[in-house]
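Colleague: attaching a predicted model along with its sequence, questions to come.
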Amino acid sequence: MSQPVTRQRLLDACNALLQPARFKDYGPNGLQVEGSDTIRHIVSGVTASRALIEAAIDAKADAILVHHGLFWRGQDGTVTGWMKQRLQLLLAHNINLLAYHLPLDAHPELGNNAQLGKRLGLQVQGVFGDQDLGLWGSRVDGQTFADVKALATSISQALQRAPVVVQAPAREIRTVAWCTGGAQSYFEAAIAAGVDAFITGEISEPQAHLARETGVAFLACGHHATERYGAPAVAAHVAAQLGITHTFIEIDNPA
Ligand SMILES: [Zn+2]
């Protein structure tokens, strides 16, 4: 059985690693809901959904670390309905909820973007877009993708999910930009960076036209599917550092 650590030690370790003060974000990073003072077992997941909280309770976790926490700018601030249910479960079971949004995307080794690049066999050559969150590069093996279809096939294999592809005229893909989750608005910055294709989680209507008109391919690979890797990488790193137990719990999401 692992030795417990204080909540403050866990928070200090996460903050030292992810440096949340460096980011302008859409919600509070760090401790969102206070639970027990000591922690033996941390569960990681993508989103603080009721299903994840229930799974963490079953796993007897003292803390949950997620990419998508409970609180976002623009919410009405009431604790009713689904919000009441999630909070009630956390508070009744004395579980700490830690959430890191953009800091968890951006960590150069453990973040969602770095981890996605690794899964896709891409090496980073530069950054682009707002707060330098986007990454771009080329294949780690020095090869290129013959066309966007070859890139889409490689992504399907890596993520076990077929992307939505807006195909530019068929051409070789040498450089790829990527930003996980709902980063479709980064497409124009990716185009400006001069890449052949852009990978993110979601697509909105305007990007299909931009892809056709600029010749830069757009691949929407799933918000959840592209953001599955950062939280467990960070939680595993911190748990190993502190000598506590970590479990990643995947709650499937088609979006
Ligand atoms: Zn996201």
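Modeller: Right, received. Where do you want to start?
Colleague: confirm that residue 233 sits in a helix.
Modeller: Yes. Counting by DSSP: H, G, I helix; E, B strand; the rest coil, residue 233 is part of a helix.
Colleague: can you tell me the closest non-neighbouring residue to it?
Modeller: Spatially, and ignoring its direct neighbours in sequence, residue 233 is nearest to residue 110 (4.1 Å; CB to CB, 6 or more residues apart in numbering). Any C-beta I mention is one placed from the backbone N, CA and C, and that applies to glycine too.
Colleague: same deal with residue 229?
Modeller: Computed as CB to CB, 6+ apart, the closest residue to residue 229 that is not its neighbour in sequence is residue 115, at 3.5 Å.
Colleague: contact partners for that neighbour?
Modeller: 229, 230, 233 (CB atoms under 8 Å, 6 or more residues apart in numbering).
Colleague: so which helix or strand takes in it?
Modeller: Taking DSSP states H and E as the criterion, residue 115 maps to helix 112-119.
Colleague: quick one: buried residues of that helix?
Modeller: With burial defined by 16 or more other CB atoms under 10 Å, the residues of helix 112-119 counted as buried are 112, 113, 114, 115, 116, 117, 118.
Colleague: find the helix or strand that the closest residue to the ion within the chain is a member of.
Modeller: Of all residues in the chain, residue 181 sits closest to the ion, with a separation of 3.1 Å (CB to the ion). Using DSSP H and E, residue 181 falls within no helix or strand.
Colleague: pLDDT wise, what is it at?
Modeller: In this model, residue 181 is scored at 98, pLDDT.
Colleague: residue 102 is in contact with that one, correct?
Modeller: No. The pair residue 181 and residue 102 fails to qualify as a contact (CB atoms under 8 Å) at a distance of 9.9 Å.
Colleague: compare the two (neighbour count), which wins?
Modeller: Neighbour tally, residue 181 and residue 102, criterion other CB atoms under 10 Å: the higher count belongs to residue 181, 25 against 22.
Colleague: I'm done for today, thanks for sticking with me.
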